[in-house]
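Participant: Structure for the following, please:
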Amino acid sequence: SKGENNSILVIDQAENLTEGNLAELATLSELQRNGEKLLRMILVAQPQFRTLLESPQVARTRQQLFGERVLPALSMKETEAYVKYRLQVAGGGGGALFERDALALVYEASGGLPRLINHICNAAMLAAYGARQSRVSRTIVAEVTARTQTPQRTVEASDLGLTSAEQVASGWRPSGGMTA
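Facilitator: Residues are numbered from 1 along each chain as shown. Modelled structure (predicted):
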């Protein structure tokens, strides 16, 4: 607006907000100067956020929503490109770390949702590291997805195939140059 700075507040994982948090955000979004809104908000959330928005207690907040955009899940090809890109940006050299059939299972288990892809791939890389494997196989992805219940799961040393804290502290690296 006419030479003024507008602020944008981005909230990730908005599905973790409470009804009270949403009411406070609604109040903030009503702040105006000279008839202009001072704050715009972008809420980024998982699909379960819709359940919270449908509750009668947040009707006022729901009325203030301008729009919504649902991002579709990635395809198998997009999932493969996404993992390769993330590995490359992290310095891992692209997709050579994951066998092709392992990526197929990552896609199947995640449903193409990037947050789940990240979680499964991270757990699979840790498991491969613990098993002293230089590549992530379909078997490793299957084991990880079978024992992982939620993204908040705590990883134990035994999950990584490590038998002692000394192995972790020693900076052990598997053959093939993979690092944690």
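
Participant: would you list every one of the helices in the protein?
Facilitator: 19-29, 49-53, 59-63, 76-89, 100-110, 114-130, 138-147, 165-169 (DSSP state H).

Participant: Which one, of these, ends up nearest to residue 6?
Facilitator: helix 19-29 (12.3 Å; C-beta to C-beta). (C-beta placed from N, C-alpha, C; glycine too.)

Participant: Contacts made by that closest one with the rest, please.
Facilitator: 9, 11, 17, 37, 39-41, 52, 55, 57-58, 60-61, 64 (C-beta atoms under 8 Å, 6 or more residues apart in numbering).

Participant: Out of these, flag the one nearest to residue 137.
Facilitator: residue 11 (37.9 Å).

Participant: and that closest one, what does it touch?
Facilitator: 17, 25, 41, 42, 43, 44.

Participant: Name the nearest of the residues you listed relative to residue 140.
Facilitator: Nearest member of the contacts of residue 11 to residue 140, counting by C-beta to C-beta, is residue 44, at 30.3 Å.

Participant: what about the closest residue to that closest one other than its chain neighbours, how many neighbours?
Facilitator: Excluding the flanking residues, the one nearest residue 44 by C-beta to C-beta, 6 or more residues apart in numbering is residue 12, at 4.7 Å. By the criterion of other C-beta atoms under 10 Å, residue 12 has 10 neighbours.

Participant: So residue 32 is in contact with residue 38, correct?
Facilitator: Yes - in this structure, residue 32 is within contact of residue 38 by C-beta atoms under 8 Å, at 6.3 Å.

Participant: Those two: who's more crowded?
Facilitator: Under the neighbour definition other C-beta under 10 Å, residue 32 and residue 38 were set side by side, and residue 38 has more, 15 against 10.
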